[in-house]
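Novice: Predicted model, plus sequence, below.
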Amino acid sequence: MNIVWLIIGFIGQAIFSTRFLLQWLYSEYKRRSAFPMAFWYASIVGGAILLAYAIYERDPVFIVGQTGGLLIYLRNLQLRLRERRSRTETD
């Protein structure tokens, strides 16, 4: 793999991932997630499949991006489940 394209790939992945980072930081700040549960389940399943593909292809840019995204999806799902439990306990 040409090192120039690898660098370009990581720069693109970083810019693309910024939206996830901003959403994650906002969710952490608010201690809740504003997206529907189906969004997070679909993100986790899709992210896991894409991560498996990236590992198979041995694409470091894609592996880093999908791993980061998957961690953020899991954290947001955790926040949503915590919200749901909290509402159930107060009702």
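Specialist: Nice, thanks for sending it over.
Novice: residues in contact with Ile63?
Specialist: Going by Cβ atoms under 8 Å, 6 or more residues apart in numbering, Ile63 touches Leu51, Ala54, Ile55. Glycine gets a C-beta too; all of them are placed from N, C-alpha and C.
Novice: so can I have TSV of these showing distance to Gly65?
Specialist: As requested, those are exported to TSV (distance: Cβ to Cβ, whole Å):
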residue	distance to Gly65
Leu51	9
Ala54	8
Ile55	12
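Novice: just the buried members of these?
Specialist: Among the contacts of Ile63, those buried by neighbour count (16 or more other Cβ atoms under 10 Å) are Leu51, Ala54.
Novice: Name the nearest of the contacts of Ile63 relative to Ala14.
Specialist: Proximity of these to Ala14 (Cβ to Cβ) peaks at Ala54, which lies at 15.8 Å.
Novice: Check the closest one and give its pLDDT.
Specialist: Per-residue pLDDT puts Ala54 at 89.
Novice: Just want the most central residue of this protein.
Specialist: Note on the chain: the residue nearest the mean C-alpha position is Gly69, at 2.3 Å, using Cα atoms, centre = their mean.
Novice: ok, now which ones touch it?
Specialist: Contact analysis of Gly69 by Cβ under 8 Å, 6+ apart lists Ser17, Phe20, Ser43, Gly47.
Novice: same thing but 7 Å
Specialist: Counting by Cβ atoms under 7 Å, 6 or more residues apart in numbering, Gly69 touches Ser17, Phe20, Gly47.
Novice: List the buried residues of whatever helix or strand Tyr29 lives in.
Specialist: In the assignment (DSSP states H and E), Tyr29 maps to helix 3-30. Within helix 3-30, the residues that count as buried by 16+ other Cβ under 10 Å are Gly9, Gln13, Ser17, Phe20, Trp24, Ser27.
Novice: Could you do stretch 64-84 as well?
Specialist: Buried residues in stretch 64-84, defined by neighbour count with 16+ other Cβ under 10 Å: Val64, Gly65, Gln66, Gly68, Gly69, Leu70, Ile72, Tyr73, Asn76, Leu77, Leu79, Arg80.
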